[in-house]
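Asks: pasted the sequence and its predicted model underneath.
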Amino acid sequence: MLPEFSVVIPTYQQPALLLKCLDALGRQRFPHDRFEIIVVDEGNSPETKTAVLLFAKQIARNGGPIDVRYFGQTERRGPAAARNRGWRAARGRIIAFTDDDCLPEPEWLSSTLPYFQQGAQVMSGQLRVLLPNKPTPLDRTATFLKRAEFMAANCFCRKSTLEQVDGFEEAFDTAWREDSDLQFKFLQAGISIVKCPESVVVYHIRPFPWYILLQDERKNSYDALLYKRHPNLFRERIPAYRRQVMRYYASVVSIAIGLISLLIGQEGIAIMSLSVWLFLSTDLVMHHLPSSPLTWIVIKHAVLTAVATPFLSVYWRLYGAVKYKVLYW
């Protein structure tokens, strides 16, 4: 008998977290012979393959009939490509997507089935975001995740519906905006997305190095790709943060004018421009300072982040506009 659900998990060099995710799937209050698990490993690593085989053996030893399959990608092409490989190999009529650092609650699968029996084509579950005990700049990441309309970490699609829109767009070769692109493809095809708040996935935000926010500015280039593919829906559904973006451009332009003015001997213009840059940078520093007790290291990281962010943000926005040939800033 074919399974009702195929759970697809893309993973990359996180075997310990993946095992926790698999263990949560093993505790689903849904008949274990009615769903399968497909793990697509972007790293094609022996450690990840061993973790999956270990889980499969444990399930078999406990008498569980869950079918667990492992696919190793020969090259890293991003989670969109990994998910496509997973759902195309799936045997279930409903594809359930989650990520290796997520923990599906026991009712995750069973709570969605009645909606599909009533004719739903695509469903979006609830992502419960848990923060570290210590406040970090990643608090803003949690806010973003909670507000997202549609996330691949907790969504369900009929396989036939994915075939209709050709799945994820693999030009999104990192974990950013690939799920928004899929959402927009469904909407453009006239396919409704049903909300299922009873279907819960827990995501623990783990502490990251302070510079992770700077690395994340690279994601701005993929906003340009999403805008090019779906300009109207992008404007309707993606927050613009125009005030913040304008401040970034103002910061970059003011320091550029200030330095050029110094070189050509226009001291008055230089002082005025550099004063504007200093004011904007100070405001950004205050924005990046956490509410927890301040130390020299915390202050230093906030200053470095505040000074570097406008330049990185502007660079990656312009890079995306040039790469994807779209008027996006």
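Replies: All right, it came through fine.

Asks: buried set for stretch 152-166?
Replies: Neighbour-count burial for stretch 152-166, with 16 or more other Cβ atoms under 10 Å as criterion, is recorded at 152-159, 161-162, 165. Using the backbone N, CA and C atoms, a C-beta is placed for each residue, glycine as well.

Asks: the residue lying closest to Y319 once chain neighbours are set aside - how many residues pack around it?
Replies: Of all residues not flanking Y319 in the chain, S221 sits nearest, at 5.1 Å (Cβ to Cβ, 6 or more residues apart in numbering). S221 is flanked by 22 other residues according to other Cβ atoms under 10 Å.

Asks: quick one: the helices in the protein?
Replies: Applying DSSP state H to the chain gives helices spanning 15-26, 46-61, 79-88, 113-117, 139-147, 159-165, 178-188, 212-215, 220-229, 231-237, 242-263, 267-288, 296-323.

Asks: mean confidence score for the fourth one?
Replies: Mean per-residue pLDDT for helix 113-117: 96.

Asks: which residue sits farthest out from the middle of the protein?
Replies: Distance from the centre of the chain peaks at G265, with 47.3 Å (Cα atoms, centre = their mean).

Asks: mind checking the backbone torsions on that one?
Replies: As for G265, its main-chain torsions (degrees, to the nearest 10) stand at phi 80, psi 10.

Asks: before we move on, back to that, for S199, which of the helices of the chain is the nearest?
Replies: For these, proximity to S199 was assessed by Cβ to Cβ; helix 113-117 is nearest, at 8.9 Å.

Asks: can you list the buried residues in that closest one?
Replies: 113, 115-116.

Asks: surely V68 meets V52?
Replies: Yes - between V68 and V52 there is a contact under Cβ atoms under 8 Å: 6.4 Å.

Asks: any common contacting residues for the two?
Replies: Taking Cβ atoms under 8 Å, 6 or more residues apart in numbering as the contact rule, V68 and V52 both touch 22, 39.

Asks: and those two? which has more neighbours close in?
Replies: Per other Cβ under 10 Å, whichever of V68 and V52 has more neighbours is V52, with 24 against 21.
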